[in-house]
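Q: Here is my input; please provide its structure:
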Amino acid sequence: MPATIITQFSIPGTLVRSAPFGSGLINDTYLCEFEGSGAHHKYILQRINSSVFAHPEQVMHNVETVTTHIVKRLRSEGVVDPQAITPVIISTRSGQSFLRDDSGEYWRAFHFIENGTVFDTVGSRQHAYEIGRGVGRFQLLVADLPPDSLHDTLPGFHFTPNYLFEYDIALKDDVLNRAAMIIGEKEFVYQRRSLAPMLTDLVTSKDLPLRIVHNDPKVNNIMIHRETGKALCMLDLDTVKAGIVHFDFGDCVRSAANPAGENADDLGSVVFDLELFEAIAEGYLSEAGAFLTHNELRMLPLSVQVITFELGVRFLADYLRGDTYFKIRFPAHNLHRARVQFKLLESIEAAEERMTSFIKHLSPSRW
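A: Residues are numbered from 1 along each chain as shown. As a prediction, this is how the structure comes out:
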């Protein structure tokens, strides 16, 4: 199938090889290699998961809009070959950004970035700096792109009060009689309910501006140059839409500054690494500091708490519902995941003053 599909895109030469590629859990990805005119080139072919994305055509509108804009920005900065450092869509032979096959599946193709690689975890302070810089660089490149130019392909995503409401319903219904297992967690959530609307209220009041954001800034979505170790770009743009910069910054820090990971076996090993936070923040603000407002800067430390609380509540609600959303490896996996996030949140809360001081130190004239 991939061999039949890829030849319907505008790629010169002859297909010599195609094989599954990467470890992504959502879309099916293939690496396709072509030869022609004495050259060998690689391309990425993906089948969009229409079970996750109900409107693949809207996803592709967003991806095409963002990638086209970034290419223009890079060329205006003097980059001669943008496709070597950022995702660039390859059109079908009929000039479309995606192909819909006879069975209704959606496919798209990208140029392969030869000098790029990705990592699942942060390997050093310098790597953390580049992870932050990669997120900030992406936001800077799309800062002049109108938020309403993109479809809302993930309605309600990162609207924390909704996740808290869903948790309340799951706790009330208690369909599997699991509420008795979360006495401590229930009290933890109760004491921090005020966190849920802190960012969304500022959006409603327009104290925080809507911008284009990535929405999935995990470590392996920031591509790193193989030789220089510098951030090249952000990958997996399916989640890109209008939002606030804090969704990206907070989630990036939450995931990257917890060396123990979301599935840490030992809760005692879960701790917020302040050195990694500072590296991420420094890298992020080296790019995003050019356009962020005072209010946006001021809320960066809080965003890490809100996003961590949000994910913990989502894990806890799913545990109460019977693990209907997140895949699990053992019966109480989602409960354990919630406990990891809540332990991390306690560590983040203890570091709040130092986080705030560091952000202020980095941007004294904008604070």
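Q: all helices for the stretch 1-150 of the chain, in order.
A: Using DSSP state H, counting those that start in this stretch, the helices of the stretch 1-150 of the chain run over 2-6, 56-76, 125-141.
Q: how about these, which one is nearest residue 329?
A: Nearest to residue 329 among these is helix 125-141 (26.5 Å), distances taken as CB to CB. For the C-beta atoms, the positions are set from N, CA and C on the backbone; glycine is no exception.
Q: hang on, the earlier thing: quick one, which of the helices of the stretch 1-150 of the chain is packed in tightest?
A: Across the helices of the stretch 1-150 of the chain, averaging neighbours per residue (mean count of other CB atoms under 10 Å) puts helix 125-141 on top, at a mean of 24.
Q: how far does that one sit from the chain's center?
A: Chain-centre distance of helix 125-141: 12 Å, with CA atoms, centre = their mean, to the nearest Å.
Q: and if you look at stretch 187-197?
A: 24 Å.
Q: now swap in stretch 98-108 and tell me
A: For stretch 98-108, the distance to the chain centre is 25 Å (CA atoms, centre = their mean).
Q: still on that earlier bit, and of the helices of the stretch 1-150 of the chain, who's closest to residue 170?
A: Using CB to CB, the nearest of the helices of the stretch 1-150 of the chain to residue 170 is helix 56-76, at 28.7 Å.
Q: Would you check the distance separating the closest one from the middle of the chain?
A: That offset, for helix 56-76, works out to 17 Å (CA atoms, centre = their mean).
Q: other SSEs contacting that helix?
A: strand 39-48, strand 89-90, strand 106-111, helix 125-141 (3 or more CB pairs under 8 Å, 6 or more residues apart in numbering; DSSP states H and E).
Q: what do you get if the cut-off is 7 Å, keeping everything else the same?
A: Judged by 3 or more CB pairs under 7 Å, 6 or more residues apart in numbering; DSSP states H and E, the packing partners of helix 56-76 are strand 89-90.
Q: pLDDT on the strand it packs on, on average?
A: Across strand 89-90, pLDDT averages out at 97.
Q: Within its sheet, name the partner strands of it and how each one runs.
A: strand 106-111 (antiparallel) (DSSP bridges).
Q: for the chain, longest helix please?
A: In the chain, assigned by DSSP state H, the helix with the most residues is helix 294-321.
Q: Just the buried residues of that one, please?
A: Buried positions in helix 294-321, judged by neighbour count with 16 or more other CB atoms under 10 Å: 296-321.
Q: Got the domain ranges for the chain?
A: 2-114, 125-362 (automatic domain parsing).
Q: Out of the ones you listed, which is the most enclosed?
A: The most buried one of the domains of the chain (mean count of other CB under 10 Å) is domain 125-362, showing a mean of 19.
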